[in-house]
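Enquirer: Generate coordinates for the sequence data below:
(one chain, ligands or ions: 3)
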Amino acid sequence: MAQPILLLNCGSSSIKYQLLDPAEPGPRAVGIVQRIGLETSTIDHEVGENEYHEETHFANHVEAVAAVVQMFRDHGPSLDDVVAVGHRTVHGGSTFVESTLITEEVIDKLVELSGLAPLHNPPGIAGIRAAQEVLPDVPHVGVFDTAFFSTLPAEAYTYAVDREVTDRYSIRKYGFHGTSHSYVSKQAAKCLGRPIEETKLIVCHLGNGASISAVDGGVAIDTSMGLTPLQGLVMGTRSGDVDPGLHAFLVNSAGMTIAEVDDLLNKRSGMAGLCGYTDMRDVEAAVENGDQASRLALDVYVHRLVSYIGSYYALLGGLDAVVFTAGVGENADPVRKAVIDRLSHFGLKLDDDANRARSKQPRDISAADATVRTLVVPTNEELAMAQETLSVIGR
Ligand SMILES: Nc1ncnc2c1ncn2[C@@H]1O[C@H](COP(=O)(O)OP(=O)(O)O)[C@@H](O)[C@H]1O
Ligand SMILES: CC(=O)OP(=O)(O)O
Ligand SMILES: [Mg+2]
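Expert: Ligands and ions are numbered 1, 2, ... in the order given. The predicted structure follows:
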């Protein structure tokens, strides 16, 4: 029996979606809305051989979700036989450690957790509400970014802060992009031809949001995002790591409110804060044109990545491969080159032609004599979400 599932993945700058039946060889429809909130947004909808592209402006995710629904109405396929909808749900806090049937109580909890993922839970909830309106009679399932990291060792997830405070407010490193880190780790082990149980990987998920994880035998042992998706790497608009003393300094000495500091670090920092561009394609073009601010932004981005890779190598006590995924990781060959060229002392070395070649397949881009491999593995959060959704509705 056909079991088509609609998957909605609301990211901070994008919405990815698929209509697929895990029993069929490929998805019935795949789409992506990009550059939400920027001057020109795009929507691409693919049904079999047919591709539909529109350029427009979506101020926010509510407008973008409405456009996705319209694409299905205008160009198909029909959503009439959909049996369930899977939603990427970013922050599950300590309440949700596995995929869950979405009820009104679940949505209330997600609203409560919104302060911890201000760029994600609100768009995610908008996606759930919009899909519930279109498909009110089927189960909707939340698949959490935090789930894969719920088994981090205590020494990795514990902040060195007064235990009484952290216990009272469930403050810990949660980690995000877990569906992607988990899926990509499995694909990477396949690509290496090794059992995942015997594989040590560093997975760089570099999208608009970016995070890196150390995965030992298929189990995450550390990751760069924290209590919120603000910690760690330099991102499109997010600062990643800063001195925690910065908050008090900006409040006490620069006269900012805490809300202004939060807005600054989430929305006006990262690449946007350093050079004015959030999208790596724009940054690369500006660097080509000699823009010094963009050059520095890229250097800071790469420096942060290299230092995390070194630190995770130390934690793993060995390494089979560094794996690049998500929008930047899959497409920005100059970023991969800048990172891997600085890690030759770890045995990493690129084949420059393989690095530059375009493909949608998982691939090894290392030089033949590299002793640690470099892989590019396209993420497919939607496929992993479909499997999770099926298992929840089958329970
Ligand atoms: N061809 C490309 N070259 C360089 N960077 C790209 C390319 N395509 C996409 N990107 C980068 O990927 C980002 C989107 O990645 P994605 O994983 O879809 O993000 P998110 O899910 O966080 O919204 C864009 O903001 C852009 O920086
Ligand atoms: C958690 C997170 O940062 O997600 P995204 O990369 O989709 O913004
Ligand atoms: Mg994403």
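
Enquirer: What are the neighbouring residues in contact with the spatially closest residue to residue 329 that is not a sequence neighbour?
Expert: Distances taken as Cβ to Cβ, 6 or more residues apart in numbering put residue 206 closest to residue 329, at 4.0 Å, once the chain neighbours are dropped. Using the backbone N, CA and C atoms, a C-beta is placed for each residue, glycine as well. Contacts were defined as Cβ atoms under 8 Å, 6 or more residues apart in numbering; by that measure residue 206 touches 233, 305, 324, 325, 326, 327, 328, 329, 332, 335.

Enquirer: Just the buried subset of the residues you listed, please.
Expert: 233, 305, 324, 325, 326, 327, 328, 329, 332, 335 (16 or more other Cβ atoms under 10 Å).

Enquirer: Where in the chain is the helix or strand with the lowest mean pLDDT?
Expert: Counting by mean pLDDT, DSSP states H and E, the chain has its least confident helix or strand at helix 121-134, which shows a mean of 90.

Enquirer: contacts for it?
Expert: 6, 8, 10, 12, 15, 60-62, 65-66, 69, 79, 85, 87-91, 102, 107, 110-111, 113-114, 140, 142.

Enquirer: Near ligand 1, list only the ones from those residues.
Expert: residue 12 (Cβ under 6 Å from any ligand atom).

Enquirer: What's the local residue count around residue 381?
Expert: Counted with other Cβ atoms under 10 Å, the neighbours of residue 381 add up to 26.

Enquirer: let me redo that: residue 255
Expert: Residue 255: 8 neighbours (other Cβ under 10 Å).

Enquirer: quick one: the strands in the stretch 1-150 of the chain?
Expert: 5-10, 15-20, 29-34, 41-47, 50-56, 84-89, 100-101, 140-144 (DSSP state E, counting those that start in this stretch).

Enquirer: Now the shortest one: average pLDDT?
Expert: Mean pLDDT, computed over strand 100-101, is 97.

Enquirer: residues contacting the residue in the chain positioned nearest to ligand 3?
Expert: Residue of the chain nearest ligand 3, by Cβ to the ion: residue 11 (3.5 Å). By Cβ under 8 Å, 6+ apart, the contact set of residue 11 is 88, 120, 207, 208, 209.

Enquirer: Same question for residue 287.
Expert: 294, 295, 298 are the contacts of residue 287 under Cβ under 8 Å, 6+ apart.

Enquirer: And for residue 224?
Expert: Residue 224 touches 211, 212, 213, 231, 232, 233, 240, 308, counting by Cβ under 8 Å, 6+ apart.

Enquirer: Count the neighbours of residue 289 for me.
Expert: If we define neighbours as other Cβ under 10 Å, then residue 289 has 8 of them.

Enquirer: same thing with residue 24?
Expert: 11.

Enquirer: tell me the phi and psi of it?
Expert: Backbone torsions for residue 24, taken as degrees, to the nearest 10, come to phi -90, psi 160.

Enquirer: ditto for residue 376
Expert: Dihedral angles (degrees, to the nearest 10) for residue 376: phi -110, psi 120.

Enquirer: count of neighbours near it?
Expert: So residue 376, with other Cβ under 10 Å, has 25 neighbours.

Enquirer: Can you give me the pLDDT of it?
Expert: 98.

Enquirer: What of residue 144?
Expert: 96.

Enquirer: Nearest spatial neighbour of the residue of the stretch 101-250 of the chain found nearest ligand 1, chain-adjacent residues omitted?
Expert: Closest residue of the stretch 101-250 of the chain to ligand 1, Cβ to the nearest ligand atom: residue 207 (2.5 Å). Using Cβ to Cβ, 6+ apart and skipping residues adjacent in sequence, the residue nearest residue 207 is residue 326, 3.7 Å away.

Enquirer: my guess is that neighbour contacts residue 183, does it?
Expert: No. With contact defined as Cβ atoms under 8 Å, residue 326 does not count as touching residue 183 (11.3 Å).
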